[in-house]
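K.L.:
Just to be clear, the model below is a prediction. Sequence and coordinates:
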Amino acid sequence: MKWIIYILKCKDQSLYTGITNNLDRRIEKHMSGNGSKYLRGRLPLKLVYKEHVLNRSDATKRELEIKKLNKRAKQFLIKSHTKY
């Protein structure tokens, strides 16, 4: 099963990083206010980055790597890949 690391840009310009094996369903949950407490007051959201990996373990490791980046480094990562 493929996993996806994703970054969402929030209304307040903050960046949220997460993982999932079903991106459409996960974004729907976030948009409905049931996906993450952090995002509830920051709607609407825009998908700005996604990266595919083969398993959950690799997805979790990569998510943590991205979460450790400062905002400027995350913005560079987003700009260096195709926008969604």
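P.N.:
Good, I have the coordinates. All values derive from a computational prediction rather than experimental measurement.
K.L.:
Output the below-cut-off pLDDT ranges for this protein.
P.N.:
Residues of the chain that meet the criterion pLDDT under 70 lie in 82-84.
K.L.:
what sits opposite residue 52 in the beta ladder?
P.N.:
residue 4 (DSSP bridges).
K.L.:
for it, what are its contacts?
P.N.:
Counting by Cβ atoms under 8 Å, 6 or more residues apart in numbering, residue 52 touches 2, 3, 4. C-beta coordinates here come from the backbone N, C-alpha and C atoms, glycine included.
K.L.:
Which residues are in contact with the first one?
P.N.:
If a contact means Cβ under 8 Å, 6+ apart, then residue 2 has 21, 52, 53, 54 as its contacts.
K.L.:
again with the second one
P.N.:
For residue 3, the residues meeting the contact criterion (Cβ under 8 Å, 6+ apart) are 19, 20, 21, 52, 53, 54, 55, 56, 58, 59.
K.L.:
The third one and residue 1 touch, don't they?
P.N.:
To tie it back to what came earlier, the one meant is residue 21. Yes. If you go by Cβ atoms under 8 Å, residue 21 and residue 1 touch, sitting 5.5 Å apart.
K.L.:
quick one: which of those two has more around it?
P.N.:
Between residue 21 and residue 1, residue 21 has the larger neighbour count (other Cβ atoms under 10 Å), namely 13 against 7.
K.L.:
Check the spacing between that one and residue 3 real quick.
P.N.:
In this view, residue 21 and residue 3 are 5 Å apart by Cβ to Cβ, to the nearest Å.
K.L.:
what residues are shared contacts of the two?
P.N.:
residue 56.
K.L.:
The nearest residue in space to residue 66 that is not next to it in sequence in helix, strand or coil?
P.N.:
Counting by Cβ to Cβ, 6 or more residues apart in numbering, the nearest residue to residue 66 once its immediate chain neighbours are dropped is residue 17, at 5.0 Å. Three-state call for residue 17 (DSSP: H, G, I helix; E, B strand; the rest coil): strand.
K.L.:
Residue 17: neighbour count?
P.N.:
Neighbourhood size, residue 17 [other Cβ under 10 Å]: 18.
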